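**Student:** please find the sequence and the predicted model below.
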Amino acid sequence: MRWVCLRFARDQGCVLSNVRCGFGLTEELVKMIIGGDKGRKGENMKTKKYWTPAIILAMCLAMVWAVRAFAVLSEKQLSLAGIKTLCVFVQELTEETKKAGLTREQIQTDVERRLKREGIRVVSEEECAELAGSPVLYVNISAPKMKYTAAFVYHIDLGLLQKVALVRDPKIRIMGVTWTRGRLGYCPERTFVTSVRETVEYLMDEFVEDYLAANRKPQRAEESF
């Protein structure tokens, strides 16, 4: 949008007076980029040399902000709205993964620590059963070891499980997965534990990002610009 405005101004030779093109692109910035008055071409070329990269960066950041500000949340993201408390469940690991040094306790601790850091309360499975929707954040790690090499191929699922109602009959409520992410990886045995924990951390980053987007407080109109 901004470059269309600039190109039009440059090609048509129009005079921009008190005009904003795009997100905060003022007359002065437009003149700086397209060269300003022809009589000051040399000076403007020197100015462009130092200022154009900074201006382009500023405009790109403005575009990213605008996209995020007006992005429509998906149904998966919206399913995280209003959740303040949940429990964490890590699926049982295979004997091979245990021998490689990975434990459920490590993953459980990593996930719970991240949730608490974001202000999300973590409770036991028994307490979770009493919560509205009984939300459970689960981690499933599948990691078969390669037969002829000392390496693992692993797949990690991170998902939110909670009670949902059927559209055709809202009285029927079942546990369903409303948010999920997964990652596939390959690593040598010596780095298996580190690789898995880092992948779980990456998936938690995605969960937290969607959680915060769904639970962000709406801004007042004057604060949105």
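**Tutor:** Here it is on my side, so go on. Residues are numbered from 1 along each chain as shown.
**Student:** run through the residues that contact the closest residue to residue 114 other than its chain neighbours.
**Tutor:** Of all residues not flanking residue 114 in the chain, residue 204 sits nearest, at 4.8 Å (CB to CB, 6 or more residues apart in numbering). Every C-beta, even on glycine, is put in place using the N, C-alpha and C of the backbone. Neighbouring residues of residue 204 by CB atoms under 8 Å, 6 or more residues apart in numbering: 110-111, 114, 158.
**Student:** where does this protein have low pLDDT?
**Tutor:** For the chain, residues meeting the criterion pLDDT under 70 lie at 1-55, 60-71, 218-225.
**Student:** what ranges do the helices span in it?
**Tutor:** Using DSSP state H, the helices of the chain run over residues 2-12, 27-34, 41-70, 75-78, 95-99, 104-117, 125-128, 192-214.
**Student:** and residue 204, how far is that from residue 215?
**Tutor:** Shown here: residue 204 relative to residue 215, a distance of 16 Å by CB to CB, to the nearest Å.
**Student:** same check, this time on residue 108
**Tutor:** According to CB to CB, residue 108 and residue 215 sit 23 Å apart.
**Student:** quick one, domains of the chain?
**Tutor:** 2-70, 75-214 (automatic domain parsing).
**Student:** kindly check the end-to-end length of the last one for me.
**Tutor:** End-to-end distance for domain 75-214, by CA to CA, to the nearest Å: 10 Å.
**Student:** which residues are in contact with residue 190?
**Tutor:** residue 150.
**Student:** how far away is residue 158 from residue 94?
**Tutor:** Applying CB to CB, the value for residue 158 to residue 94 is 18 Å.
**Student:** more neighbours, these two?
**Tutor:** Ranked by neighbour count (other CB atoms under 10 Å), residue 158 and residue 94 place residue 158 first, with 22 against 14.
**Student:** quick check: the nearest residue to the more buried one once chain neighbours are set aside vs residue 140, distance?
**Tutor:** Of all residues not flanking residue 158 in the chain, residue 203 sits nearest, at 4.1 Å (CB to CB, 6+ apart). From residue 203 over to residue 140 the distance is 11 Å, taken as CB to CB.
**Student:** tell me which of those two has more neighbours.
**Tutor:** residue 203 (20 against 16).
**Student:** which ones are touching the more buried one?
**Tutor:** Going by CB under 8 Å, 6+ apart, residue 203 touches 156, 158, 181-183.
**Student:** who touches residue 179 in this structure?
**Tutor:** For residue 179, the contacting residues are 76-77, 79-80, 159-160, 207, 210, by CB under 8 Å, 6+ apart.
**Student:** beta-bridge partners for it, please?
**Tutor:** Beta-bridge partners for residue 179, by DSSP bridges, are residue 160.
**Student:** for stretch 139-155, measure first residue to last.
**Tutor:** One end of stretch 139-155 sits 11 Å from the other (CA to CA).
**Student:** counting neighbours, which bits of that stretch end up buried?
**Tutor:** By neighbour count on 16 or more other CB atoms under 10 Å, the buried set for stretch 139-155 is 139-141, 143, 145, 152, 154.
**Student:** now for those residues: which two are most distant?
**Tutor:** Using CB to CB, the two most remote members of those are 139 and 145, lying 19.4 Å apart.
**Student:** isn't residue 174 up against residue 163?
**Tutor:** Yes - with contact defined as CB atoms under 8 Å, residue 174 counts as touching residue 163 (7.0 Å).
**Student:** which one of those two has more residues nearby?
**Tutor:** Using other CB under 10 Å, the more surrounded residue of residue 174 and residue 163 is residue 163, with 14 against 8.
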